[in-house]
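Visitor: starting from these lines, generate the structure:
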Amino acid sequence: MTDATGDDARTTDHARTADDARPWNRRRLRSNNERLLLARLRAEGPASRAQLARDTGLSKPTVSTALAALEEAGLVREAGRQAPPERGRVAVLYEPDPTAGYVLGLDIGRSWLRVAAADLDGTVVARSDVRNRGRSAAAMADLTVAAARQVVADAGVDPALVVHTVVGAPGVYDPERRRVRYAVNLPGWGRAGLLDRMREELGTPLSVHNDANLAALGEYAFGAGRGSRLFVSIMVGTGLGMGVVADGRLFTGAHGAAGEIGFLPTLPNGGRDLNGGRDLEDAVAGGAVVRTARELGMAHPGSAKDVFDAAREGVAPAVAAVRQEAERLAHVIAAVAAVLDPDLVVLGGGLGGGADLLLPPVTATLHRIGPLRPRVRASTLGEDAVLLGAVATATEEARERVFTRTRETD
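Guide: Here you go, the predicted structure:
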């Protein structure tokens with residue numbers, strides 16, 4: 001038989017559990033409503049209480065309560081007034097307050113360190129481009145931290161309001177070991193403890209992403225990739241990398257190495273013997289353009305830029321070297337198209353500045369070698385693609401951190 005006293009105890013315990021759950025449920029419901037309103041304001045722009053109620057399906061009292069809480073927390077602010085089309089009360093418009101938090105975007109390259117501070121709208125409020133004169137990975141990290149601190153100071157931002165930092169660099173970040181792998185163009189960058197030290201000195205949460213991936217996100221958020229369903233961004237400069245964005249989301253693969261096309265072996269017509277141990281990066285990156293121009297008879301080409309400048313002046317070896325680079329890139333794009341079927345390929349990186357010379361022969365070669373011919377465009381962000389991708393990524397993370405800090409912990 002069941003003990004009656006036990007039944008009563010269980011009933012009381014059940015009631016207590018339900019009572020204990022109600023505040024949590026109310027808090028979660030409130031949080032969901034506030035998130036919904038913030039998402040609507042960020043996606044569609046300033047709106048009145050009545051507009052928000054219509055767009056979200058929430059009741060007007062619920063909208064008013066949620067907006068009051070968000071305004072008190074500093075997450076939304078008044079954005080002006082809207083006169084009604086007919087007689088009636090003037091409506092107050094609301095928008096997210098971008099000054100509720102700030103982010104840092106860092107682009108660490110072999111030649112330049114680029115740093116930007118931005119608000120929660122992703123608007124850059126200060127930036128700095130510094131020559132990378134670090135002779136070691138530690139010196140490079142110190143230089144980056146110093147530049148970041150100076151940018152925050154230049155922006156007039158309280159360092160305590162910087163809630164997230166995103167670093168873009170060559171290689172693949174290993175989250176288990178907290179270090180970068182495959183960063184062959186930044187010697188020592190994969191050293192253990194380096195990124196942890198930067199995180200501690202900056203005093204913010206810090207995440208690390210491959211530079212080509214961030215360039216792809218930058219192009220999707222601010223540049224040539226906007227509106228694309230599936231596009232790839234190919235960076236050609238000191239190295240060779242690729243980022244893939246599908247339906248607005250970055251594809252990184254099982255181990256974060258998706259897009260590391262520089263490790264592919266060279267194609268038969270890639271300009272090097274397959275048995276020579278050369279990879280695709282060696283055959284297509286900026287150094288290959290210089291080597292080809294020199295082999296074809298150009299006198300003392302110091303950089304890929306020198307070769308492209310000479311090609312614009314009609315110097316025959318330079319013209320031929322640029323044409324050969326375009327053909328190699330076309331074969332890379334054809335291989336990518338056969339696997340991913342993108343609707344757009346964006347060419348960026350240092351050689352992206354030569355797109356006026358590259359795009360015509362790239363397109364012609366694509367039509368000659370196969371049936372898959374995605375649109376190929378030049379980057380519209382140029383050397384800022386990685387930095388703006390870092391800002392976009394940091395902003396998305398920071399919005400969640402700021403919301404959680406102010407609304408779900410009270």
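Visitor: in the stretch 151-300 of the chain, which spans are helices?
Guide: Along the stretch 151-300 of the chain, the stretches classed as helices by DSSP state H, counting those that start in this stretch are 194-202, 211-222, 280-284, 286-295.
Visitor: which element follows the last one toward the C-terminus?
Guide: In other words, helix 286-295. Using DSSP states H and E, the helix or strand that directly follows helix 286-295 along the chain is helix 304-312.
Visitor: name the helices or strands packed onto the helix or strand just after that next one?
Guide: Using DSSP H and E, the helix or strand that follows helix 304-312 towards the C-terminus is helix 316-340. Packing partners of helix 316-340 (3 or more Cβ pairs under 8 Å, 6 or more residues apart in numbering; DSSP states H and E): strand 230-236, helix 280-284, helix 286-295, helix 304-312, strand 344-348, helix 355-369. Bear in mind the C-beta positions are built from the backbone N, C-alpha and C, glycine included.
Visitor: change it to 6 Å
Guide: Here helix 316-340 touches helix 286-295, helix 304-312, helix 355-369, going by 3 or more Cβ pairs under 6 Å, 6 or more residues apart in numbering; DSSP states H and E.
Visitor: out of these, flag the one nearest Glu400.
Guide: helix 355-369 (36.0 Å; Cβ to Cβ).
Visitor: any chance of the helices and strands packed on helix 316-340 in a markdown table, plus distance to Gly101?
Guide: Listed next are the helices and strands packed on helix 316-340 as a markdown table, based on distance: least, Cβ to Cβ, whole Å:
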| stretch | distance to Gly101 |
| --- | --- |
| helix 286-295 | 38 |
| helix 304-312 | 39 |
| helix 355-369 | 36 |
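Visitor: could you report the neighbour count for the residue lying closest to Ser233 once chain neighbours are set aside?
Guide: Once flanking residues are discounted, Ser233 sits nearest to Ala216: 3.8 Å by Cβ to Cβ, 6 or more residues apart in numbering. A count of neighbours around Ala216, defined by other Cβ atoms under 10 Å, yields 31.
Visitor: my guess is Ala216 meets Met242, correct?
Guide: No. With contacts counted by Cβ atoms under 6 Å, Ala216 stays clear of Met242, the gap being 7.8 Å.
Visitor: show me what contacts the residue nearest to Ser233?
Guide: Ala216 is in contact with Ser233, Gly243, Val245, counting by Cβ atoms under 6 Å, 6 or more residues apart in numbering.
Visitor: just checking, the last one touches Glu219?
Guide: No. Taking contacts as Cβ under 6 Å, Val245 lies outside contact range of Glu219: 7.9 Å.
Visitor: which residues of the stretch 51-200 of the chain score low on pLDDT?
Guide: Regions of the stretch 51-200 of the chain meeting the criterion pLDDT under 70 cover residues 84-88.
Visitor: mind running it again at 50?
Guide: Along the stretch 51-200 of the chain, no part satisfies pLDDT under 50.
Visitor: need the strands for it, in chain order.
Guide: For the stretch 51-200 of the chain, the strands defined by DSSP state E, counting those that start in this stretch cover 76-82, 91-96, 102-108, 112-119, 124-131, 162-169, 172-174, 179-181.
Visitor: and the last one, what's buried?
Guide: In terms of neighbour count (16 or more other Cβ atoms under 10 Å), strand 179-181 has its buried residues at Arg179, Val180.
Visitor: elements contacting that strand?
Guide: On a contact count with 3+ Cβ pairs under 6 Å, 6+ apart, strand 179-181 meets strand 172-174.
Visitor: pull up the pairing partners for the strand it packs on, direction included.
Guide: Counting by DSSP bridges, the strands paired with strand 172-174 are strand 179-181 (antiparallel).
Visitor: what's the strand it pairs with in contact with?
Guide: By Cβ under 6 Å, 6+ apart, strand 179-181 touches Gly171, Val172, Tyr173, Asp174, Trp189, Gly190, Ala192.
Visitor: hmm, try it at 7 Å
Guide: The contact list for strand 179-181, computed with Cβ atoms under 7 Å, 6 or more residues apart in numbering, reads Ala169, Gly171, Val172, Tyr173, Asp174, Trp189, Gly190, Arg191, Ala192, Leu195, Val208.
Visitor: tell me what the first one is bridged to.
Guide: Same thing as Ala169. Beta-bridge partners of Ala169, counted by DSSP bridges, are Asn210.
Visitor: the fourth one now?
Guide: Judged by DSSP bridges, the bridge partners of Tyr173 are Val180.
Visitor: residue contacts, it?
Guide: By Cβ under 7 Å, 6+ apart, Tyr173 lies in contact with Val180, Val208, His209, Gly256.
Visitor: what's the neighbour count on the closest residue to Gly218 other than its chain neighbours?
Guide: Spatially, and ignoring its direct neighbours in sequence, Gly218 is nearest to Gly389 (3.2 Å; Cβ to Cβ, 6+ apart). For Gly389, the neighbour count with other Cβ under 10 Å is 33.
Visitor: buried ones in whichever strand or helix holds Gly389?
Guide: Using DSSP H and E, the element containing Gly389 is helix 385-407. Neighbour counts over helix 385-407 (16+ other Cβ under 10 Å) mark 385-399, 402-403, 406-407 as buried.
Visitor: next one: it to chain centre, how far?
Guide: 10 Å (Cα atoms, centre = their mean, to the nearest Å).
Visitor: swap in stretch 226-233?
Guide: Relative to the mean C-alpha coordinate of its chain, stretch 226-233 is positioned 13 Å out (Cα atoms, centre = their mean).
Visitor: for it, what is the average pLDDT?
Guide: Averaged across stretch 226-233, pLDDT comes to 92.
Visitor: next one: stretch 302-322
Guide: Stretch 302-322 shows an average pLDDT of 95 in the prediction.
Visitor: now that stretch - C-alpha only, PDB.
Guide: What follows is stretch 302-322, C-alpha atoms only, in PDB (Å, rounded to 0.1, in the frame of the first residue of the first chain):
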ATOM      1  CA  GLY A 302      61.000  42.900 -56.600                       C
ATOM      2  CA  SER A 303      57.400  42.000 -55.900                       C
ATOM      3  CA  ALA A 304      54.200  40.800 -57.500                       C
ATOM      4  CA  LYS A 305      53.100  44.500 -57.500                       C
ATOM      5  CA  ASP A 306      56.100  45.400 -59.600                       C
ATOM      6  CA  VAL A 307      55.100  42.700 -62.100                       C
ATOM      7  CA  PHE A 308      51.500  43.900 -62.400                       C
ATOM      8  CA  ASP A 309      52.600  47.600 -62.700                       C
ATOM      9  CA  ALA A 310      55.000  46.600 -65.500                       C
ATOM     10  CA  ALA A 311      52.200  44.600 -67.200                       C
ATOM     11  CA  ARG A 312      50.000  47.700 -67.300                       C
ATOM     12  CA  GLU A 313      52.900  49.400 -69.100                       C
ATOM     13  CA  GLY A 314      53.000  46.600 -71.600                       C
ATOM     14  CA  VAL A 315      56.300  45.000 -70.600                       C
ATOM     15  CA  ALA A 316      56.100  41.700 -72.400                       C
ATOM     16  CA  PRO A 317      57.600  39.300 -69.700                       C
ATOM     17  CA  ALA A 318      55.300  40.900 -67.100                       C
ATOM     18  CA  VAL A 319      52.200  40.600 -69.400                       C
ATOM     19  CA  ALA A 320      53.000  36.900 -69.900                       C
ATOM     20  CA  ALA A 321      53.600  36.300 -66.200                       C
ATOM     21  CA  VAL A 322      50.200  37.900 -65.300                       C
END
